[in-house]
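Participant: give the three-dimensional model of this entry:
(chains A and B)
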Amino acid sequence: MYRSHVLVCGGTGCTSSGSQKIMETLRTEIAKAGLDKEVSVVQTGCHGLCALGPIMIVYPEAVFYSMVKDEDIPEIVSEHLVKGRVVKRLVYEETVTDEGIKSLAQTDFYKKQHRIALRNCGVINPENIDEYIGTRGYEALGKVLTSMTPDEVIQVILDSGLRGRGGAGFPTGRKWQLAKNLVQDGGQKYVCCNADEGDPGAFMDRSVLEGDPHAVLEAMAIAGYAIGASQGYIYVRAEYPIAVQRLNIAIGQAREYGLLGKDIFGTGFDFDIELRLGAGAFVCGEETALMTSIEGNRGEPRPRPPFPAVKGLFERPTILNNVETYANVAQIILNGAEWFASMGTEKSKGTKVFALGGKIKNTGLVEVPMGTTLREIVEEIGGGIPNGKKFKAAQTGGPSGGCIPAEHLDVPIDYDNLIAIGSMMGSGGLIVMDEDNCMVDIAKFFLEFTVDESCGKCTPCRIGTKRLYEMLDKITKGKGTLEDLDKMEELCYYIKDNALCGLGQTAPNPVLSTLRYFKDEYIAHVVDKKCPAGVCKDLLSFTIDKEKCIGCGMCAKQCPASAISKTDYIAPGKKLPAMAIDPAKCVKCGACMATCKFKAISKK
Amino acid sequence: MKSLEELKAIREKMQGSVALRNEDSDQTRVVVGMATCGIASGARPVLNTLAEAVAEKKLDKVSVTQTGCIGLCQYEPIVEVYEPGKEKVTYVKMTPDKALEVVNRHLNGGAPIKEYTLNSTTL
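Facilitator: Down below sits the predicted model:
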C-alpha cells in the first residue's frame, strides 16, 4: 500500500530527454529519505505534452512537474514527498494559481481533450498487466467471450460508427463483417494490427503501444472472436524499440495469465499474437504490402480485389486495423455503441488523436472529439504559434494529405470534411506552418519523401512522383514557367487515377492542395522569381542597408564565403564605412543576418 | 486465469491503487500537515494509517495527501478534511488510533468527531 504515486513518463519523447535517469535518481532519493514503503515510482506511457518533457506527476495531489532535471530530484523528494511542500518553480506554470495548484484537467491543453484511445497513457504502468486490469482491462474480452455471439460483437462495432483511424476511414464493423461472412470454410483467418506508423510527424500509434499495449492485445482478441480467427500479427516498425519491448512484455504477461493462448476464460476460444518487425519501408503501412511483408516477401502492394477480407495474409481472410482503431474497441464493448456514437459528427463518431508538431507551442499528442475545429486544436489546445508569427497552414495526413489554409480554420474536423477541403485525416499527424514556411518547399519536401519511399512496382508512382519532384525543384530554383504549373496539375491527376496502391494514389495531394490554396506563391516563384517566405535559397538575395550599417565588420567575420567587404561610403552619423555583399559569392546561408545587431541586413 | 472471477479479484485488488491517480473534483481530500513541526510530533504514522485505512475500506472518493505547516505548530499533527460543499473540519493532536476513528466514523460514517477538532480545543 502506497500513499503516493509518482508517475514518470517513459514514452519515447521523455525517455530521450532523460526520464530513465530521473526515475533511477528518484528511487534512490526516496529510499534515502526512508519513504520507499510509502511512495511508489511508476513508469508510464506518454502524457501528450511532449514539449515539456521530462514529465512527472505526483498523485494524489496531481501536481504536474515539467522539464524536470536530474539535479531537481533531491529537492522534490525532500520538499514535496517528505514535507508536502510543492516545488512551485518546477510545476507546469499554467497549473500554478493564486489559490494553489490547479488540476491538470483544467489546463488549456487538457480541458478540451477527451481521452478514449489514450485513456491509460500516462496513467498506468504499461509493463504491469495488473494495472491494466485495475482499469477494467480484459473485462471487455471476458464479456464478449462469455455473453455475446460474434454477430453481436460486430453489430456493436457497426452501431458505434467506429471508422478506421489509419487514415482512410473505412467502417471497422463492416470490415469485420466481411471477413466473417465472405468465406466460411472453417479454415484459418487472421487478425492483423498495422503499427507501421510512417507518416512524418505522426506518433500516436507509438504512444498507444508504449503507454497501453494491452488495450491493443485485448481488442485483437475480441476481433479474433468476432471473425473466427485464432492467430493475430502486430506489424510494428523496428524504429520503435520501446514499443516493441513493451509489446513483448505485454504479450508474455497476457499469455501467463491465460488471456492469450488456448481456451481463454475456459470458453474454448483460442487466440495468440505474434510480432513482426518492419524494416522501415513506408509502403509497408499499405495493407496489401504489409501482409506481403508478414509472409516473408518483399513489401510490395498487390492489386485489389481480391480484398484482404477474402484473400489476405497467406491467401486467407484477414482483417487489418490500425493501432488507434483497436484502442477504442474494448471501450466500445464496455460502454456501449450509443456512448461512442454520442461523440463526434454525423458520419465520424468518437474521438481522434492528433500529433501536433511544427510551429506550435504545445508540441505533443491530443485526443479530441471528432468535429472539433482546427482553430480549437491549434489556438487553444496547442497554445498557438510561438514568437507572435501568423498561422499560414496546417498539414494533415502526412505525405498523403494536404495543407489547410487559414480560411478553413473553423471547419469541424472529420473524415469527410477534410476530404472536401482537399486534405485527408491520414493517421492524424498535424503539422502547423507559419509565415516563414514556403508552401512550394513543403510540397517538394513531401514529394521527396514519396519518391524515396515509392516501392517501384507501378510506373505512375515510380516515375510520376519523380517527375513531379523535378518540376517542383525547378520552380524553387526560379526556373519554372506557368506552363509547368498546368503540366504539374495534369500529372497529379494522372498519378491519382493510375497508381496501384494508396501510397501512389495520394502522393500528389500535397501538390494539389498547395496549388489550390497557395497558387499565388507558386506564381511568385515562377513569374517574379521570388520566394515570399524567404525559404528557397536560389531566389533569395541578402542586402546590407548602407544607411543603417555602422561598419563593425561582424558580418564579414561570420561569412563562410568571404562575400562581404568594405565599401567607401560612410553613412551620416557613422564612423566607419558600410559593408556590402557580393551577390556572386553569397551562398545565402543567412549567418550575416543572424549576427548583425543593427538589423542592417535583410533578405528578399 | 480461467475465470472472470479471477479477473475481477485482480481488478479489485488494483482498483484502490489505480484510483489514487484520478482527478475528480467531487473527491473528499484528507490533508495531513507534514512540515518539520508535523513530522516531529508524529504526522507520518498518522498519514500512513489514514492512507491504509482509506484503501482498505475502498473509499475511492477519498484522497489522502500532505501539506506544509499551517501555523498551529503546538497542535500538530493536524489533519484537515475537505468535503465538497461542506465546511472544512480540522482535527488536531492526532494519533494513528484517532486517525482510524476518523476514517471509520467521519469518512465512512459521515459524522465528524467533534471532540478531536480544533473548535473543541481552547486556543
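Participant: what helix or strand is the closest residue to chain A within chain B on?
Facilitator: At 2.7 Å from chain A, residue B:14 is the closest residue in chain B, using CB to the nearest CB. Just so you know, the C-beta spots here come from the backbone N, C-alpha and C atoms, and that holds for glycine as well. Using DSSP states H and E, the element containing residue B:14 is helix B:4-19.
Participant: what's in contact with that helix?
Facilitator: Contacts to helix B:4-19, defined as CB atoms under 8 Å, 6 or more residues apart in numbering or on different chains, come from residues A:1-2, A:5, A:123-124, A:130-131, A:133-139, A:142, A:146, A:265, B:1, B:55, B:58, B:60.
Participant: quick one: contacts for residue 120?
Facilitator: Looking at chain A here, since you left the chain open. Contacts of residue A:120 by CB under 8 Å, 6+ apart are A:45, A:126, A:132, A:135, A:211, A:212, A:215.
Participant: could you do chain B instead?
Facilitator: Applying CB under 8 Å, 6+ apart, the residues contacting residue B:120 are residue B:114.
Participant: got the residues of chain B near chain A?
Facilitator: Within chain B, the residues that sit near chain A (CB under 8 Å from any CB of the partner chain) are B:1-4, B:7, B:10-11, B:13-15, B:17-18, B:20-21, B:23, B:25, B:32-36, B:39, B:47-48, B:50-52, B:55, B:63-68.
Participant: filter those down to the buried ones, PyMOL style.
Facilitator: Those of those that count as buried under 16 or more other CB atoms under 10 Å in any protein chain shown are selected in PyMOL with:
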select buried, chain B and resi 1+4+7+10+11+14+15+17+18+20+21+23+32+33+34+35+39+47+48+50+51+52+55+63+64+65+66+67+68
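Participant: just to revisit the earlier point, could the contacts of residue A:120 be laid out in a markdown table, adding pLDDT?
Facilitator: Shown next, in a markdown table, are the contacts of residue A:120 (pLDDT from 0 to 100):
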| residue | pLDDT |
| --- | --- |
| A:45 | 91 |
| A:126 | 94 |
| A:132 | 95 |
| A:135 | 92 |
| A:211 | 93 |
| A:212 | 95 |
| A:215 | 97 |
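Participant: near chain B, list only the ones from those residues.
Facilitator: Contacts with chain B within the contacts of residue A:120, counted by CB under 8 Å from any CB: residue A:135.
Participant: tell me the one among the contacts of residue A:120 nearest to residue B:121.
Facilitator: residue A:135 (42.8 Å; CB to CB).
Participant: just to revisit the earlier point, state the distance from the residue of chain B closest to chain A to residue A:329.
Facilitator: Distance, residue B:14 to residue A:329, using CB to CB, to the nearest Å: 22 Å.
Participant: mind checking which helix or strand residue A:433 is in?
Facilitator: Short version, using DSSP H and E: residue A:433 is in strand A:429-434.
Participant: elements contacting that strand?
Facilitator: Where contact means 3 or more CB pairs under 8 Å, 6 or more residues apart in numbering or on different chains; DSSP states H and E, strand A:429-434 is packed against strand A:351-358, strand A:391-396.
Participant: out of these, nearest to residue B:114?
Facilitator: Going by CB to CB, the one of the helices and strands packed on strand A:429-434 nearest residue B:114 is strand A:351-358, 48.3 Å.
Participant: ok, the closest one: who's next to it in the sheet?
Facilitator: Partner strands for strand A:351-358, per DSSP bridges, with pairing direction: strand A:364-369 (antiparallel), strand A:429-434 (parallel).
Participant: so how far is the first one from its chain's centroid?
Facilitator: Averaging C-alpha positions (CA atoms, centre = their mean, to the nearest Å) puts strand A:364-369 10 Å from its chain's average.
Participant: what mean pLDDT does stretch A:219-235 get?
Facilitator: Mean pLDDT, computed over stretch A:219-235, is 97.
Participant: how far is that stretch from where the chain is centred?
Facilitator: 25 Å.
Participant: now do it: distance from first to last residue.
Facilitator: Using CA to CA, to the nearest Å, the end-to-end distance of stretch A:219-235 comes out at 15 Å.
Participant: cheers, nothing more for now.
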